[in-house]
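Undergrad: predicted model follows, preceded by the sequence.
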Amino acid sequence: MFEYAPAPESRSVVDIKPSYGLFIDGAFVDPADGGSFKSINPASEEVLSEVAEGGPQDVDRAVRAARKAYEKVWGPMPGRDRAKYLYRIARIIQERSRELAVLESLDNGKPIKESRDVDLPLAAAHFFYYAGWADKLNHAGFGANPRPLGVAAQVIPWNFPLLMLAWKIAPALAAGNTVVLKPAETTPLTALLFAEICQQAELPAGVVNIVTGAGETGRALVEHDGVDKVAFTGSTDVGRAIARAVAGSRKKLTLELGGKAANIVFDDAPVDQAVEGIVNGIFFNQGHVCCAGSRLLVQESVAEQVLESLKRRMAQLRVGDPLDKNTDIGAINSAAQLARIRELTEAGAAEGAQQWSPSCELPERGFWFAPTIFTGVTQAHRIAREEIFGPVLSVLTFRTPAEAVEKANNTPYGLSAGIWTEKGSRILWTADRLRAGVVWANTFNKFDPTSPFGGYKESGYGREGGRHGLEAYLNV
Amino acid sequence: MSERIAVRKTYKLFIGGKFPRSESGRSYLVQSANVSLASRKDARDAVVAARAAVKGWAGATAYNRGQILYRVAEMLEGRREQFMALGVPADEVDAATDRWVWYAGWSDKLPQVYGGANPVAGPYFNLSAPEPTGVVAVVAPETPALLGLVSVIAPAIVTGNTVVVAASPTAPLAAVTLAEVLATSDLPGGVVNILTGRLSETVPTLAAHMDVNAIDLTGVTDPELAADLEVKAAENLKRVLRPVPVDHDWSADPGLGRMTALLETKTVWHPKGV
Amino acid sequence: MTATATSAHSELTELGRSETALRTFLHGLPGVDQVGAEQRAAQLGTRSIKTTAKAQAIDLAIRMVDLTTLEGADTPGKVRALAAKALRPDPADPSCPHVGAVCVYPSMVPYAAEVLRGSGRAAGGTAPHLASVATAFPSGQAPLEVKLADTRAAVEAGADEIDMVINRGAFLAGRYREVYDEIVAIKEACGGDDAGRQGRPRAHLKVILETGELGTYDNVRRASWLAMLAGGDFIKTSTGKVPVAATLPVTLVMLEAVRDFRAATGRQVGVKPAGGIKTTKDAIKYLVMVNETVGPDWLDPDWFRFGASSLLNDLLMQRTKLTTGVYAGPDYFTLD
């Protein structure tokens, strides 16, 4: 046997302060009522830092700061100058990428190889891409002289904390808006380090404000009268509540919500790459991915072979210390999320589906869930309909392409989908019929700042990324 | 010689390419005519008809949709006098005809303008293309009765959506007459469905309907009703077009916004390899 | 071998009798997506192998090296020196294992045999195998009779492993039967299967696919199956004589082929990437790939080899670094 020795990334590259205030108007400040909460490392349950909890007064202060910065500084600033600040931020993220990657893995539980090779490069690329748009908005296809909206309220999830921040802040600032961003309560630390990066870039005060807190803080932010734009990424239930909250207002809304993507494997698929795609589709980032390929639809004639290969491949997955460079699957982000995954998998087993996991030792402390597949799943099972947001794959079979498409679309969600076949015309036929905003053919979970991302149906509306991503932040 | 007794027209609903009366058997007197008073059930029937038409209409070629919209303009041009007899000014009929022509041309151009190749950092073909969102509920503006109506229907259907339109309650005759134009323009049944009657009866049903993908609140003038409809629409996260001010200038260049608001962008990735 | 696998094996062996059956089978293998295969290989390349795992990997890699010299300028002296190094790669450290094999031209086999089978070998100890390229290496462009004679001569001279090249021209032209028959014939010239004819030594047959000339991973997979169906004991990437030699993704596709072939037939076939593998870091990436693609059954010199010349010195330098904690330099290792 070839046992890999532990290869831990050093955590000394990042200096975590014992406590953090709110980042408002260019400075870290104490919250009005002095509340705070702890952010922990989900892999060890160790407290990483004490973070301020923003209340309505703090939100109001942040929105006012953003308004002032919008009216006095950022709105009137020529696009080419806004671009330079964004380029600066992109560069600082690249320069401090190791520090950010380690912090992300500590706070979120994701494997260091993912934060290092995916989250950080993409976050920097996003700023770099949108920086270039800041002085080219007249040529973006939205008519001459499109105007920014004003103050954007942005609420982001815990699965890709810094990357989601980049997806929100970069286009907003490029278009000339100022922002108040609320990171998720379990993963606020990279956003706070980003606040320091804004200071280092000498970004004018008030252009970016970070208000940490939980759901109530987010609610106060999206409901604030001084906000012109609301952008949210998270669960469909919260998205629905936000859509109700902004009803009848002037606030422009974009939502990037849940998903239950079908990953369709046809009998002529490049099978080894398909198996990689299935694994990447559901186990990437512990399955904490809104576009995860959580429903495997495999053609009956190859189902047995594909499942056998999939199980063999799953046995190679290394679950454990997120800071170990060889870890493939890290910790579940929180106790609450772990409970949700357990509840749904128990429902799957109770409803008669067959559960399988490779044998793997899970650490004693922290929140862990072994990579799991369910076979014998039907469309009626809860695990085939509800978003689990964990490393759990439901396997269904189909007989014909038409049946595959019908099953794939038989969900209120419509964020992403996968197609595996060597036949070009079948890819295009299938892609045309799938009701999903992103279709990966013979690949999965690929992201790029130039490529629009977002859902159909209850997966939300609006697109992030690309030229389309600007539209959410312009008065068009 | 006595004067000829005129043959009056019965103004009915337009659902699934047919002209049924309201299933409720009700009508209301408006513009000196008895006009069908659509019920909640009529609204639901219209959604069923619109949904059934999506596959064929969205799946038709852009060229085909463009030709059909142009055909609508041709038919409308031929009925100029008829609309003028309903009190629609001649220049409004002309503007409405021209609007069909303008939108007809977008069918095979919008995907080029609004989609395209994305230069991703990797060995991938990556293409974004707009697709229709599906069934759209539309509240037509109260006035101008014809140009306003055309200005909300044409941008919704040119890209492949189907619509259920709540016509102006105070000036529905132009809407029913437009339905006759549509019925003779090779437009497949169900692509446009027109309900006449009270907004308070039909529109909340449409806003709450879980098989409607988007709602255009253009003609809603009461802000509280608009907010309530938007709340209902949130239940299945309908795409929402908010009301426009009553003094909106319908003769101005419409821009792309009414089309793009009712589109989804689908992005397809594929590796490039040998 | 299970009963099912045995019958599958004989069914698959039948394929070689018909050009049509062979073509249908090879073209029916699942495709390989280039981008996906390359990404998987690159991902495996990011594994971090440190400390004890690295020491283990280095010793294993040394045991897997086919220490090779295939130059027109090879002489008996050069080959003897190489064979001596193969036996004792690090004369200063008796704990250092010997390499897997020495790989030379047929005319050089007797000189290598002198050293490997002679007095230099430690009493009772094992010794590297002796591999010879054959079959008009590297082009393969010679009449079959010449190739067979070439092979027999190498085996008679003491080679217990034969590295043959397939006829790429025939393969690319779709004449699979011709390629198949040639491999079968060379295998026969090697002494056939274990129950070989009396008095004739049996040599293992490594089939070089020359993947750099095959153009696509689909062809690599087909050529791998063709070589295995025809009886090859090992499949090998390259001659080292064309611009593109072994790569991680090509090796990945070949590993998937031997894995699938064993699942279908019960017979295990070895894999040998050759050419261009120069550093310990490269070698460890291959070992990680073997470990995670086909598993520990192949993590053995009987089933995985590196065809390389300069790799050994880098492995030795890294080995010294791990034991002494100090980076060595090329002056401290023999140049052979």
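TA: Thanks, I have the structure now.
Undergrad: number of residues surrounding residue 257?
TA: The chain I'm using is chain A. 28 (other C-beta atoms under 10 Å in any protein chain shown). All C-beta spots, glycine's among them, are computed from the backbone N, C-alpha and C.
Undergrad: can you look at chain C instead?
TA: 25.
Undergrad: check residue C:7 too.
TA: Counted with other C-beta under 10 Å, residue C:7 comes out at 11.
Undergrad: give the contact list for whichever residue of the stretch 151-274 of chain B sits closest to chain C.
TA: Of all residues in the stretch 151-274 of chain B, residue B:273 sits closest to chain C, at 2.8 Å by C-beta to the nearest C-beta. Residues in contact with residue B:273 (C-beta atoms under 8 Å, 6 or more residues apart in numbering or on different chains) are B:123, C:33-35, C:38.
Undergrad: which residue lies closest in space to the residue nearest the centre of chain A, excluding its sequence neighbours?
TA: Closest to where the C-alpha atoms of chain A average out (C-alpha atoms, centre = their mean) is residue A:160, at 4.3 Å. Counting by C-beta to C-beta, 6 or more residues apart in numbering or on different chains, residue A:160 lies nearest to residue A:119, which is 5.8 Å off, once chain neighbours are set aside.
Undergrad: so that neighbour touches residue A:104, yeah?
TA: Yes - Residue A:119 is within contact range of residue A:104, at 5.9 Å (criterion: C-beta atoms under 8 Å).
Undergrad: overlap in contacts, the two.
TA: A:110, A:162.
Undergrad: and residue C:205, which of the three is it?
TA: strand (DSSP: H, G, I helix; E, B strand; the rest coil).
Undergrad: thought it was touching residue C:232?
TA: Yes - counting by C-beta under 8 Å, residue C:232 is a contact partner of residue C:205 at 5.4 Å.
Undergrad: now do the shared contacts for these two.
TA: Between them, residue C:205 and residue C:232 share the contacting residues C:183, C:187, judged by C-beta under 8 Å, 6+ apart.
Undergrad: could you find the closest non-adjacent residue to residue C:209?
TA: Once chain neighbours are set aside, the closest to residue C:209 by C-beta to C-beta, 6+ apart is residue C:223, at 4.4 Å.
Undergrad: now the helix or strand containing the one you found: average pLDDT?
TA: Assigned by DSSP states H and E, residue C:223 belongs to helix C:217-229. For helix C:217-229, the mean pLDDT works out to 98.
Undergrad: partner strands of the helix or strand just after it, with direction?
TA: Proceeding N to C from helix C:217-229, the next assigned helix or strand is strand C:234-236, under DSSP H and E. Partners of strand C:234-236 in the sheet, by DSSP bridges, are strand C:204-208 (parallel), strand C:270-272 (parallel).
Undergrad: tell me which parts of chain C are close to chain B?
TA: Counting by C-beta under 8 Å from any C-beta of the partner chain, chain C comes close to chain B at C:33-36, C:38, C:215-216.
Undergrad: please name the bridge partners of residue A:355.
TA: If you apply DSSP bridges, the partners that residue A:355 bridges to are residue A:374.
Undergrad: swap that for residue A:395, sorry
TA: In beta-bridge terms (that is, DSSP bridges), residue A:395 pairs with residue A:296.
Undergrad: for chain B, give me the ranges with low pLDDT.
TA: B:1 (pLDDT under 70).
Undergrad: show me the residue sitting in the middle of it in space.
TA: Closest-to-mean residue, chain B, C-alpha atoms, centre = their mean: residue B:153 / 2.7 Å.
Undergrad: what sits against that one?
TA: Counting by C-beta under 8 Å, 6+ apart, residue B:153 has contacts B:138, B:140, B:163, B:165, B:192.
Undergrad: how near is it to chain A?
TA: 21 Å (C-beta to the nearest C-beta, to the nearest Å).
Undergrad: and that residue, backbone torsions?
TA: Main-chain dihedrals, residue B:153, degrees, to the nearest 10: phi -80, psi -50.
Undergrad: likewise for residue B:189?
TA: According to degrees, to the nearest 10, residue B:189 has phi -60, psi 140.
Undergrad: gap between the nearest residue to it once chain neighbours are set aside and chain C?
TA: Distances taken as C-beta to C-beta, 6+ apart place residue B:17 nearest to residue B:189, at 2.0 Å, with adjacent residues excluded. Using C-beta to the nearest C-beta, residue B:17 is found at 46 Å from chain C.
Undergrad: just to revisit the earlier point, ok, the contacts of residue B:273 vs chain A, which is closest?
TA: After measuring the contacts of residue B:273 against chain A - C-beta to the nearest C-beta - the closest member comes out as residue C:33, at 4.2 Å.
Undergrad: just checking, the closest one touches residue A:444?
TA: No - at 11.6 Å, residue C:33 does not count as touching residue A:444 under the criterion of C-beta under 8 Å.
Undergrad: burial measure for residue 173, as a count.
TA: All of this is about chain A. Using other C-beta under 10 Å: residue A:173 sits among 27 other residues.
Undergrad: wrong one, I was asking about chain C
TA: Using other C-beta under 10 Å: residue C:173 sits among 11 other residues.
Undergrad: find the nearest non-adjacent residue to residue A:250, please.
TA: Per C-beta to C-beta, 6+ apart, closest to residue A:250 is residue A:228, 6.7 Å.
Undergrad: hang on, I meant residue A:349
TA: residue A:355 (5.2 Å).
Undergrad: verify the stated contact: that neighbour with residue A:344.
TA: No - between residue A:355 and residue A:344 there is no contact under C-beta under 8 Å: 11.4 Å.
Undergrad: neighbour-wise, which of these two wins?
TA: The neighbour comparison of residue A:355 against residue A:344 (other C-beta under 10 Å) goes to residue A:344, with 20 against 15.
Undergrad: for residue A:280, see how far away the residue nearest to residue A:381 when sequence neighbours are not counted is.
TA: Nearest residue to residue A:381 in three dimensions, chain neighbours excluded: residue A:351, at 5.0 Å (C-beta to C-beta, 6+ apart). Separation of residue A:351 from residue A:280 (C-beta to C-beta, to the nearest Å): 27 Å.
Undergrad: more neighbours: those two, which one.
TA: residue A:280 (24 against 16).
Undergrad: SS state for that one?
TA: helix.
Undergrad: need the contact list for residue B:41.
TA: Here residue B:41 is in contact with B:23-24 (C-beta under 8 Å, 6+ apart).
Undergrad: can I assume residue A:135 is in contact with residue A:80?
TA: Yes - between residue A:135 and residue A:80 there is a contact under C-beta under 8 Å: 4.2 Å.
Undergrad: flag every residue of the stretch 351-476 of chain A that's near chain C.
TA: Checking the stretch 351-476 of chain A against chain C by C-beta under 8 Å from any C-beta, the hits are A:422, A:442-443.
Undergrad: would you map the helices across the stretch 51-200 of chain C?
TA: Using DSSP state H, counting those that start in this stretch, the helices of the stretch 51-200 of chain C run over C:51-64, C:76-87, C:109-117, C:144-156, C:168-172, C:176-189.
Undergrad: alpha carbons only: can I get the shortest one in CSV?
TA: Written as CSV, here are the backbone C-alpha positions of helix C:168-172 (Å, rounded to 0.1, in the frame of the first residue of the first chain):
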residue,chain,number,x,y,z
ARG,C,168,1.7,2.2,-36.3
GLY,C,169,1.2,2.6,-40.1
ALA,C,170,-1.0,-0.5,-40.1
PHE,C,171,-2.9,0.6,-37.0
LEU,C,172,-3.6,4.1,-38.3
